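Colleague: fold the following and give me the result.
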Amino acid sequence: MEGEAQKRLITKVQYKNFEPGEFTDRQPRTAEETIHLIEAFPWQEQRDHLHIGLTGPSVSIEGADGDFLKLALYYNDKFVLYYVDVNHHLYSHSFIDYHDAYPYIRTFFVNGAAPAGFKDEQTLFQHVSVHFKDQDFSYTIGRSGRFAVVIAVQCAALLGILICSAALLIALGRQPAAGYLLILPAILAFLWTWGVAVAINHYQAGKNKVLVISRGKDEFSYGPLSGPETFNKKDIMDVTTYGGHRRGGGYSILTRVQINFNDGRSIDISCLLIPQEKLVAKLWNSTQRIGSLRYAFIPAGAASPF
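Modeller: Just a heads-up that it's a prediction; the model follows:
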């Protein structure tokens, strides 16, 4: 039993405003060290304006076989232990006092299996593991796949312009007086060229760059893949979005988000890396502004801090 008492499992902490898969203070701990961590956790403070869910104020334990045990806040001033097995099935057990969860936590360290008496939550086809596993919050053009969408749209638009032009030329062969209709493909070609220029501009600004940012942590990084610079959200003066709204809501892929800092510096992040809605949600505590440019070129050098 002495060896079991020294067994260490990865434990980690989650606070309010963290997003699924976001954790901090991740390190191996014994059962007793984990209980000390639970005792030091600001449970009452974290209840303020709390939204109950699988992601929220909690202490999680990763089992040796890929299962998880999470102690979290629950409804009516209660606490809950969530258990996720290796097949992503979710079980739960609520408590009035978190101290009552300690025997189950100690058993988990020893046996590494589902504690007895837990309720099966019947979460078939739900991806519950995203709330327990660490997620990667780094964003690049290559990983996002958004530039491929831009290329596909531009190719489809070009094909449409060519078809339109061919149809008009055939029509003009029959009625030459309708030559003024050629202004339509000319306008479309101009808009297509403009869109391609913006796409190239955003690609050049974002290539070989990485953005590492999550909702809950104050620090984030942006810059070259080889060594991005670290910033603090508390130093942000405001966040301004430049870009066009899509029909149905949201911003286009070719949108830029300018983050202005209190010291006068700023960085412009292309939404080829990350959707505008997702980025500003991670900067939820900053003043948000809307710029006036519909198509937002990123100025030279603006993709790096200055």
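
Colleague: who's in contact with stretch 233-247?
Modeller: 218-220, 251-252, 254-263, 271, 276, 280, 283, 285-296 (Cβ atoms under 8 Å, 6 or more residues apart in numbering). All C-beta spots, glycine's among them, are computed from the backbone N, C-alpha and C.

Colleague: report the buried residues of that stretch.
Modeller: 233, 236, 239-243 (16 or more other Cβ atoms under 10 Å).

Colleague: quick one: residue 215 and residue 155, what's the gap?
Modeller: Distance of residue 215 to residue 155, computed by Cβ to Cβ, to the nearest Å: 35 Å.

Colleague: and the two? which has more neighbours close in?
Modeller: Between residue 215 and residue 155, residue 215 has the larger neighbour count (other Cβ atoms under 10 Å), namely 17 against 10.

Colleague: stretch 199-207: how far from the chain's middle?
Modeller: Taking Cα atoms, centre = their mean, to the nearest Å, the mean C-alpha location of stretch 199-207 is offset from the chain mean by 21 Å.

Colleague: going forward, count from 37.
Modeller: From this message on, residue numbering opens at 37, which makes the last subject stretch 235-243.

Colleague: list the contacts of it.
Modeller: Residues from elsewhere that reach stretch 235-243, judged by Cβ under 8 Å, 6+ apart: 176-177, 183, 186-187, 190, 290, 292, 304-309, 333-334, 338-339.

Colleague: so which of those sit within strands?
Modeller: 292, 304-306 (DSSP state E).

Colleague: partners of the strand or helix carrying residue 61, with directions?
Modeller: Applying DSSP states H and E as the criterion places residue 61 in strand 60-65. Counting by DSSP bridges, the strands paired with strand 60-65 are strand 45-50 (antiparallel).

Colleague: just give me the closest of the ones in strands among the contacts of stretch 235-243 to residue 232.
Modeller: Using Cβ to Cβ, residue 306 is the member of the ones in strands among the contacts of stretch 235-243 that lies nearest residue 232, at 15.2 Å.

Colleague: bridging residues for that closest one?
Modeller: Going by DSSP bridges, residue 306 forms beta bridges with residue 292.

Colleague: one step back: so can I have a markdown table of the buried residues of stretch 269-283 showing distance to residue 139?
Modeller: Listed next are the buried residues of stretch 269-283 as a markdown table, based on distance: Cβ to Cβ, whole Å:
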| residue | distance to residue 139 |
| --- | --- |
| 269 | 40 |
| 272 | 45 |
| 275 | 47 |
| 276 | 53 |
| 277 | 51 |
| 278 | 56 |
| 279 | 54 |
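
Colleague: got any ranges where the stretch 137-286 of the chain has weak pLDDT?
Modeller: 149-151, 160-161, 208-217, 284 (pLDDT under 70).

Colleague: go with 90
Modeller: The stretch 137-286 of the chain contains residues with pLDDT under 90 at 146-163, 196-227, 230-231, 279-286.

Colleague: re earlier: list only buried entries from the contacts of stretch 269-283.
Modeller: 256, 287-288, 290-296, 307, 312, 316, 319, 322, 331-332.

Colleague: please narrow the residues you listed to those residing in helices.
Modeller: 312, 316 (DSSP state H).

Colleague: can you list the buried residues in stretch 90-100?
Modeller: 90-99.

Colleague: what's the answer for stretch 62-77, then?
Modeller: Buried residues in stretch 62-77, counted by 16+ other Cβ under 10 Å: 65-67, 70-71, 73-74, 77.

Colleague: okay if I get these as CSV plus distance to residue 124, pLDDT and secondary structure?
Modeller: Formatted as CSV, those follow (distance: Cβ to Cβ, whole Å; pLDDT from 0 to 100; DSSP: H, G, I helix; E, B strand; the rest coil):
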residue, distance to residue 124, pLDDT, secondary structure
65, 24, 96, strand
66, 27, 95, coil
67, 24, 94, helix
70, 23, 97, helix
71, 27, 96, helix
73, 25, 97, helix
74, 25, 97, helix
77, 26, 97, coil
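
Colleague: farthest-separated two in these?
Modeller: 66 and 77 (16.8 Å).

Colleague: re the thing from before, out of the buried residues of stretch 269-283, who's nearest residue 225?
Modeller: residue 279 (22.5 Å).
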